[in-house]
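[1] Quick one, fold the following:
(one chain, ligands or ions: 1)
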Amino acid sequence: LATAPVGAPPHSVDGFVKEFLHELNTNQGVPLSLSSVNDQYMALASTVRNYLMARWLETNRKVHENKPKTIGYLSAEYLLGRQLGNALLATDLSDIAEKGLALCGIDIATLRAQEVEPGLGNGGLGRLAACFIDSLATMDVPCVGYGIRYEYGIFRQTFVDGRQVEQPDTWLSLGSPWEFPHPEASVQVDFGGHTERYIGEDGRERVRWVPAWNVLGVPYNYMVPGYLNGRVNTLRLWSAQATKAFDLQIFNSGDYAQAVRAQTFAENISKVLYPEDSTPQGKELRLQQQYFFVACSLRDFIDHSLEDGFDLHNLPERVTFQLNDTHPVIAVPELMRILIDEYDFEWDEAWDVTRRCFAYTCHTLLPEALEVWPTDLLGRLLPRHLELIYQINDHFLAEVREAFPGDELRAHHMSIISHGQGVRMAFLATVAGTKVNGVAELHSQLLRDKVLPDFSALWPEKFTNVTNGVTPRRFVRLSNPKLSELINDTIGNGWVTDLERLKELEPYADDPEFRAQFAEIKAWNKHRIADLLRARDGIDLPDGHLVDVMVKRLHEYKRQSLKLLHIVSLYEQVLSGKIAASEVTPRTVVFGSKAAPGYAMAKETIHLINKVAATINADPILEGRLKIAFPANYNVTLAEKLIPAADLSEQISLAGMEASGTGNMKFALNGALTIGTDDGANVEIRKLVGDKHFFLFGMSEPEVAELGAQGYNPHSYYDANPQLKATLDLISSGVFSNGDRHLFDMVVENLKNQDRFMALADFDSYVAAQAKVEERYADQDSWMRSAILNMARTGYFSSDRSMRDYLQRIWHTTPML
Ligand code: 26Y
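    Take a look at the predicted model:
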């Protein structure tokens, strides 16, 4: 444990209270007696910040002195979750703060609840970035996270008559105590205009970009504290502002309204997070966002490197820019532009530096999720970059033709620029990256074999896998305090930074005493979420139920509809007297899910879930047996309370569709059993925990491919399977829609006639696996044993391990100690 560094307030209750009161008085300008909860929260945050500050300064001093290789993590999303608890944990101040505040008559829980989480991401990809920067700080690896400070993060979801209604996420409205704006370090970003050719002093032809307009990027720094190690890395998020010159010019012409419009136009760039997480629309503003943050980040990093006396020819020794999906890939031509146009590099020199600076992580397999930017849009917004992309493509295709002489079709398939579509950003990233990785073994294999087969034939060594992970600090230590205590008491606390040590718990799965304690903690976590949902949503959770949880973005490929079919099927069987209500295992199904606002099928599915929930919950026939809870606005804060309470984790995507999943890991680590397909990281979870402790169902990826090739006809399953037919017909009967037989046609007809993700094909297998779940759950001893083994055997899924893999396989660097 790194003791308090010089300059930090004393690590004692007295010292803490003094600091807190000082912050309350000087920062908030109020005495304790008159302070609001928000005043107190703000003062508490500042207090914790003060403890971190000396460590932050020290980290930056060391980096400046030793100039180690740094990871520049480029991500359009960071789904951070609340900061306070993590900062208290990282500084070992949780107990001190609680006691100190109690002396002031304040319950720390009230202040914790005051924090609004920064929802600067959509789902898995954004949360992964947050886990990765946590792990890098904890492992003493120099890293700067670069991204966008969206003024409005992911929308707040509400339900009106069962339908999703989006509200703006005003996370900054009460002030944001965790950020440090640095307007003096603002960077200018250019857009539009045209390019010109001219002859430079050395007689070479050169290109000049003459942009049409520009904005300012203002950096906001956030602390990224390592766990008890005294390191604090930086997350630097950029906010867009109008440039002064722009403003003044118009002001001086007397057009005040136009000046304000110009400002609004500029600020729109970082105004809002796009809530889509799979189908990219060719939205100009999104491209502006991507270029904006990437240009700011490269400029920032390069300027600092030059200040440190670094030669740009050696940039790859200074940094790897990790591209979190294709969103920041415009960084590739941007670095080329900087090196060639601004620093006079020759093409080959510039390309050599560029390709060694970047590595690319792909997070999808869905073809429609791969970003393609229309060339006319790119040419209008970034004319110089489009030229450079054409040139990169020419050089690349020459390489392809050399490797595969005469194979023009192959060259055509591999072209970064697809005629008629635009620039395929995944191809550009693959051509430029030193390494390309998928996010789970199956995904990386499919990426090589199905998405980028020509590229992996050309450069087999470029492709690698790094299976995702999650931070044990937030998703076990903080979110499951009772379980953490039990683990500490049993094997010590080394697991928090060395999660594989959970293996030492394996023998305790057979210890009745330990099992009882574990079961008691599960029950405690269920009460905790019940209390929260009662207060937050007015939802009552029954006692003693199997808690069955499906939380993730709403997507057809994730198959929330399959879960729903299972529920409706149970209900149908009881209604029609096929089974007695008393035979149904008491179960509460919890959904948590946002739909992209423009994704009609996803929104209809939410509507249907809510209507089914309302009907079944109100029907006395299943009273005490089946309850459906769908709290609105699932986010990181809710996840932290919900996941530890789960018995059953639903990971039921169609095989070959979910790149990895990371919720699946969080559940297993908190002792839930998984019901899942052989998809994404489920494959690896099952391998580690063992078949006996995992409910596998459904087609495998090759089976899915085969059925697809044969021609999949969902209607034949509907016709052939009476229970499936009865289930779908019940939805169409109007029982869930006040007699309206057509309200859910969109969902039902789609399942019967299209069913792109083959829910009907996996229905039987899913229902059978659920029956096994019930059977196992009836034997609580055996269930708890499996739950403990799930926890003990999934230490592999720490994001610390993911970071070690990136260090070894991609970044080729070691922690700085
Ligand atoms: C371009 C835009 C529409 C877009 C925005 C966000 C496209 C994709 C995304 C986000 C994708 C995402 O969250 N992918 C998930 O990444 C996780 C971390 O690797 C995986 O675990 C998960 O399987 C994958 O769906």
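[2] Before we go further, residue 547 is sitting in a strand, right?
    Yes. Per DSSP: H, G, I helix; E, B strand; the rest coil, residue 547 lies within a strand segment.
[3] For it, give its distance to the ligand.
    23 Å (Cβ to the nearest ligand atom, to the nearest Å). The way it works is simple: take the backbone N, C-alpha and C, and place the C-beta from them, glycine included.
[4] So residue 539 lies in a strand, does it not?
    No. With three-state DSSP as the criterion, residue 539 is located in coil rather than a strand.
[5] That one: what's it in contact with?
    By Cβ atoms under 8 Å, 6 or more residues apart in numbering, the residues touching residue 539 are 533, 629, 631.
[6] how near is the last one to residue 426?
    When distance is defined by Cβ to Cβ, to the nearest Å, residue 631 is 35 Å away from residue 426.
[7] hmm, who's touching the host helix or strand of residue 377?
    Following DSSP states H and E, one finds residue 377 within helix 375-381. Here helix 375-381 makes contact (Cβ under 8 Å, 6+ apart) with 191-192, 282, 284, 287-288, 291, 385-386, 389, 417, 422-423.
[8] ok, 6 Å please
    Outside helix 375-381, the residues that touch it by Cβ atoms under 6 Å, 6 or more residues apart in numbering are 191, 287, 386, 422.
[9] could you pick out which of the contacts of residue 539 are near the ligand?
    Among the contacts of residue 539, not one lies near the ligand by Cβ under 6 Å from any ligand atom.
[10] Ranking by neighbours, what's the top pick from these?
    Most neighbours among the contacts of residue 539, by other Cβ atoms under 10 Å: residue 629, with 22 neighbours.
[11] For that one, name its beta-bridge partners.
    Beta-bridge partners of residue 629, counted by DSSP bridges, are residue 590.
[12] need the helices for the stretch 601-750 of the chain, in chain order.
    Counting by DSSP state H, counting those that start in this stretch, the segments of the stretch 601-750 of the chain that form helices are 636-642, 663-669, 682-689, 701-710, 714-720, 722-732, 745-753.
[13] Which stretch among the ones you listed is buried most, on average?
    helix 663-669 (a mean of 28; mean count of other Cβ atoms under 10 Å).
[14] Now the phi/psi pair for residue 330, please.
    phi -60, psi -10 (degrees, to the nearest 10).
[15] so it touches residue 292, yeah?
    No. Applying Cβ atoms under 6 Å, one finds residue 330 not in contact with residue 292, separated by 9.7 Å.
[16] Give me the buried positions along the helix holding residue 377.
    If you call a residue buried by 16 or more other Cβ atoms under 10 Å, then helix 375-381 has these buried ones: 375, 377, 378, 379, 380, 381.
[17] Export those to CSV and append columns for pLDDT and distance to residue 274.
    Formatted as CSV, those follow (pLDDT from 0 to 100; distance: Cβ to Cβ, whole Å):
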residue, pLDDT, distance to residue 274
375, 97, 21
377, 97, 16
378, 98, 18
379, 97, 22
380, 97, 20
381, 98, 16
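[18] mind giving me CSV with these and columns for distance to the ligand?
    Converted to CSV, the buried residues of helix 375-381 look like this (distance: Cβ to the nearest ligand atom, whole Å):
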residue, distance to the ligand
375, 18
377, 14
378, 15
379, 20
380, 19
381, 16
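[19] Looking at those residues, which is nearest residue 710?
    residue 375 (37.8 Å; Cβ to Cβ).
[20] From residue 270, how far out is that closest one?
    Separation of residue 375 from residue 270 (Cβ to Cβ): 26 Å.
[21] quick check, nearest of the contacts of residue 539 to the ligand?
    Taking Cβ to the nearest ligand atom as the measure, residue 631 is the one of those closest to the ligand, at 21.0 Å.
[22] Residue 606 reaches residue 163, doesn't it?
    No. Residue 606 lies out of contact with residue 163 (Cβ under 6 Å); the separation is 7.2 Å.
[23] leaving aside the residues next to it on the chain, what's closest to residue 139?
    residue 815 (5.2 Å; Cβ to Cβ, 6 or more residues apart in numbering).
[24] How is residue 322 assigned, secondary-structure-wise?
    On the three-state scheme (three-state DSSP), residue 322 is labelled strand.
[25] For stretch 561-577, could you pull out the residues that count as buried?
    Applying 16+ other Cβ under 10 Å to stretch 561-577 flags 561-575 as buried.
[26] Nearest to residue 635 among the residues you listed?
    residue 563 (20.2 Å).
[27] relative orientation of the strand or helix carrying that closest one and helix 745-753 in degrees?
    Using DSSP H and E, residue 563 sits in helix 560-575. If you take axes from the mean of the first three to the mean of the last three Cα atoms, to 10 degrees, helix 560-575 sits at 90 degrees to helix 745-753.
[28] can you give me the mean pLDDT across stretch 786-797?
    When pLDDT is averaged over stretch 786-797, the result is 98.
[29] One more: stretch 700-720?
    pLDDT averaged over stretch 700-720 gives 98.
[30] How far does it sit from its chain's centre?
    Chain-centre distance of stretch 700-720: 31 Å, with Cα atoms, centre = their mean, to the nearest Å.
[31] now stretch 155-172
    Relative to the centre of its chain, stretch 155-172 is centred 19 Å away, using Cα atoms, centre = their mean.
[32] quick one: the residue nearest to residue 649 when sequence neighbours are not counted from the ligand, how far?
    In space, and not counting its chain neighbours, residue 649 is closest to residue 667: 3.4 Å by Cβ to Cβ, 6+ apart. From residue 667 across to the ligand, the span is 13 Å (Cβ to the nearest ligand atom).
[33] Next: residue 802.
    Distance from residue 802 to the ligand, by Cβ to the nearest ligand atom: 10 Å.
[34] so which helix or strand takes in that residue?
    Assigned by DSSP H and E, residue 802 falls within helix 799-806.
[35] At which residues are the strands of the stretch 501-650 of the chain located?
    Here the stretch 501-650 of the chain has its strands, by DSSP state E, counting those that start in this stretch, at 546-551, 587-592, 626-629, 648-651.
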